[in-house]
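Q: This is the structure alone, sequence omitted:
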DNA sequence: TGCCAGGCCGGGT
DNA sequence: ACCCGGCATGGC
C-alpha cells in the first residue's frame, strides 16, 4: 500500500479506486474484450440500435440481413422505401410497424438536419446531438446513447436492462433508480474514455446474460458477488 | 407452454 | 412525476 502525507508535493495523492472502476477491472480480467458493437459500419450500428429495442439480437440480425439482401441498406434507399415494404423486411425483429416508423423518423431527422451525412452529424457536440435525437419519436435514452457511443465514438455511458439489473441486484443503486442516475454512477466514477465505456457496457451485458437472470435472486457464480453491499 | 429479449410511447392517475 | 398497457417475433 502507498503511504500518503510526506510526499504529497512530489506525487499526487493516491485514492482508492472507485468500486465502479474495480468492477470493470474484475470483469475485464474475467472475460476480456467483447468486441462491440457487432456491426460492419456506423450506420449499421444505428439501425441495429433501433431494431434491438426490447428484442433478442438474433432476431435483429435476420432483419438486417433482409435489408442487405434487398439491397436497400443505405440511408438514401431506406428513406425512400415505403413503410409497408420496410416493415415487411424487418418483421423478424418484432414490433415491425413501430420500428419501421422509428427508422423512418430517424432518417427524416438525419437528412433534414445533416444531409444524410454521418460526418456532418458527428460534428455536433455530444450534448446537443443527444438532445436532438431524443426528440425523434422512437429514439429514447438508451438508443440515443448507443448510437453516440458505438456509432459515433462519443464518451457517453449506455445503460440498458442488463446494466440496470446488475447494479440493482448488487445494490450499487436504489431499486427505483432511473436511467440518468445509473448513467451518472458510471460516468462520475470513471475517466471519460470512449473505449472504456464501450467495453464496460459490453461486459455488463455479458455477465447480465450469464449470471443475472430476470427472476433469479443473485447467482453465486457471478464474479461480482463480492461487491454486494451489506 | 410460457417467459424472455441490448425500449419507447401515450394516456391515465 | 410516476405507472401501465401496447407493440410482436423467435428461441428455449
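A: Yep, that arrived. Everything numeric in this text was worked out from a predicted model, so none of it was measured. Numbering: from 1, shown residues only, chains lettered A, B, ... in the order given.

Q: Skipping its backbone neighbours, what lies nearest residue A:66 in space?
A: Leaving aside its sequence neighbours, residue A:66 sits nearest to residue A:89 (C-beta to C-beta, 6 or more residues apart in numbering; 4.4 Å). The C-beta positions use only the backbone N, C-alpha and C, and glycine is treated the same way.

Q: What number of residues are in the vicinity of that neighbour?
A: In terms of burial, residue A:89 registers 23 neighbours under the definition other C-beta atoms under 10 Å.

Q: per-domain residue ranges of chain A.
A: Domain segmentation of chain A under automatic domain parsing yields A:19-32+A:157-227, A:42-151.

Q: Give me the helices and strands touching the strand or helix carrying residue A:185, please.
A: With elements taken from DSSP states H and E, the one containing residue A:185 is helix A:179-188. Under the contact criterion of 3 or more C-beta pairs under 8 Å, 6 or more residues apart in numbering; DSSP states H and E, helix A:179-188 touches helix A:141-146, helix A:161-169.

Q: Among these, which comes closest to residue A:79?
A: Distance to residue A:79, taken as C-beta to C-beta, is lowest for helix A:141-146 among the helices and strands packed on helix A:179-188, at 18.2 Å.

Q: circling back to that earlier point, reformat the domains of chain A as TSV; add distance to DNA strand B.
A: Formatted as TSV, these follow (distance: least, C-beta to the nearest atom of the strand, whole Å):
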stretch	distance to DNA strand B
domain A:19-32+A:157-227	3
domain A:42-151	2
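
Q: Quote the end-to-end distance of stretch A:205-225.
A: Looking at stretch A:205-225, the gap from its leading to its trailing residue is 16 Å under the measure C-alpha to C-alpha, to the nearest Å.

Q: which residues does the closest residue to DNA strand C within chain A contact?
A: Using C-beta to the nearest atom of the strand, the point where chain A gets nearest to DNA strand C is residue A:94, with a distance of 2.5 Å. Neighbour list for residue A:94: A:54, A:55, A:59 [criterion: C-beta atoms under 8 Å, 6 or more residues apart in numbering].

Q: Would you state the helices of chain A in chain order?
A: A:19-31, A:42-51, A:57-69, A:75-80, A:83-89, A:96-114, A:118-121, A:126-134, A:141-146, A:161-169, A:179-188, A:194-211 (DSSP state H).
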